[in-house]
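Undergrad: Coordinates only, no sequence provided:
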């Protein structure tokens with residue numbers, strides 16, 4: 001495979017199994033990507049991530065540009081050396097963080113001005129400066145700067161976000177020059193199917209224009225602006241058509257979604273890649289994914305339960321520790337409780353996507369999907 005080749009190896013319905021070549025290895029889809037906002041997946045070492053079978057790890061451009069700064073990370077040799085993760089890395093643009101701070105940012109056609117959540121300093125970003133930061137960080141996959149519309153939002157607001165994001169996408173393509181990085185465009189459009197399809201077409205147009213001007217096209221596409229407050233079923237009213245409107249020969253990445261059943265459903269609609277803080281965040285709250293549904297480890301019923309966390313799980317936590325012990329850690333606010341549950345939850349999602357891939361390769365994804373939806377594991381909200 002050549003760098004950034006995306007090869008669909010099999011399809012089962014709309015579900016796909018594919019390979020994506022990056023500068024730090026081949027990623028096999030469908031896949032879940034653990035989130036390491038500050039160049040660390042909370043409570044989990046990079047060696048543990050590797051042992052769990054993580055393929056791509058995320059980091060956050062907004063937070064890392066503030067602390068410790070893109071220049072320092074570049075001086076350290078880039079994110080791979082800095083955090084000692086030598087597989088592929090994806091950095092988001094930080095746009096979601098900026099636009100969630102509505103009270104402290106000012107948006108215009110050229111860029112966005114906002115105040116740092118760390119020291120209150122005023123910062124100015126344009127698509128060009130955002131690309132410069134992400135190129136210094138050195139991830140394998142980088143995302144365009146976009147405007148994420150909240151939910152709910154007026155149609156007029158969403159239309160404006162689609163237009164601005166499309167214009168910024170073209171500028172990101174022109175500004176991005178690092179050959180060992182894949183640049184992904186981001187689809188916006190809220191819950192309006194016509195606006196989402198318009199966003200897809202604008203991104204395709206930007207790619208064609210970029211090629212005509214001697215630059216490169218997007219190597220993949222993020223689907224943003226979902227999981228921002230709406231019910232999951234609302235997302236699925238449009239997700240499938242949006243995913244399948246994107247090019248067949250590029251990866252499709254549903255941003256910020258990590259609920260197990262949502263992943264299973266989205267793969268069925270043609271999505272390839274996922275990320276979310278959910279497995280580690282819920283772990284720190286004492287919650288575990290399992291084959292019997294989501295488990296609250298603070299519950300008294302686990303006090304004298306000396307069985308494994310999940311009988312059906314093969315992770316190192318389930319192989320060694322009991323529900324009673326994990327409940328004790330969680331109730332005692334011991335950090336080990338959140339760490340063990342993080343390892344388990346990450347394994348759960350990574351393994352789920354491995355099983356989904358196997359089902360696609362076998363041409364049996366619909367059977368896999370129906371079995372999942374009929375199982376207690378689907379009770380994970």
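TA: All right, it came through fine. All of these numbers come straight from a predicted model, not from anything done at the bench.
Undergrad: chain center to the helix or strand of the chain with the lowest mean pLDDT, what's the gap?
TA: Lowest by mean pLDDT, DSSP states H and E among the helices and strands of the chain is helix 95-99, with a mean of 81. Remark: helix 95-99 is offset 15 Å from the chain centroid, using CA atoms, centre = their mean, to the nearest Å.
Undergrad: Tell me the helices and strands packed up against that helix.
TA: Here helix 95-99 touches helix 61-66, strand 112-115, going by 3 or more CB pairs under 8 Å, 6 or more residues apart in numbering; DSSP states H and E. For the C-beta atoms, the positions are set from N, CA and C on the backbone; glycine is no exception.
Undergrad: neighbours of residue 258, just the number please.
TA: The number of residues packed near residue 258 is 25, by other CB atoms under 10 Å.
Undergrad: for it, what are its contacts?
TA: Residues in contact with residue 258 (CB atoms under 8 Å, 6 or more residues apart in numbering) are 32, 274-279, 349.
Undergrad: Please flag which of the residues you listed sit within strands.
TA: Counting by DSSP state E, those place 32, 274-276 in strands.
Undergrad: So which of those is the closest to residue 259?
TA: Nearest to residue 259 among the ones in strands among the contacts of residue 258: residue 276, at 7.7 Å, using CB to CB.
Undergrad: Kindly state the beta-bridge partners for that closest one.
TA: Taking DSSP bridges as the rule, residue 276 bridges to residue 34.
Undergrad: Would you state the strands of the stretch 51-200 of the chain in chain order?
TA: 57-60, 89-92, 105-107, 112-115, 122-125, 141-143, 182-187 (DSSP state E, counting those that start in this stretch).
Undergrad: Let's have those strands in JSON lines, adding distance to residue 203 and mean neighbour count.
TA: Shown next, in JSON lines, are the strands of the stretch 51-200 of the chain (distance: least, CB to CB, whole Å; neighbours: other CB atoms under 10 Å):
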{"stretch": "strand 57-60", "distance to residue 203": "21", "mean neighbour count": "24"}
{"stretch": "strand 89-92", "distance to residue 203": "17", "mean neighbour count": "26"}
{"stretch": "strand 105-107", "distance to residue 203": "20", "mean neighbour count": "14"}
{"stretch": "strand 112-115", "distance to residue 203": "20", "mean neighbour count": "19"}
{"stretch": "strand 122-125", "distance to residue 203": "20", "mean neighbour count": "14"}
{"stretch": "strand 141-143", "distance to residue 203": "12", "mean neighbour count": "28"}
{"stretch": "strand 182-187", "distance to residue 203": "4", "mean neighbour count": "28"}
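Undergrad: Including distance to residue 225, could those strands go into JSON lines?
TA: JSON lines is the format used below for the strands of the stretch 51-200 of the chain (distance: least, CB to CB, whole Å):
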{"stretch": "strand 57-60", "distance to residue 225": "17"}
{"stretch": "strand 89-92", "distance to residue 225": "13"}
{"stretch": "strand 105-107", "distance to residue 225": "16"}
{"stretch": "strand 112-115", "distance to residue 225": "16"}
{"stretch": "strand 122-125", "distance to residue 225": "19"}
{"stretch": "strand 141-143", "distance to residue 225": "13"}
{"stretch": "strand 182-187", "distance to residue 225": "8"}
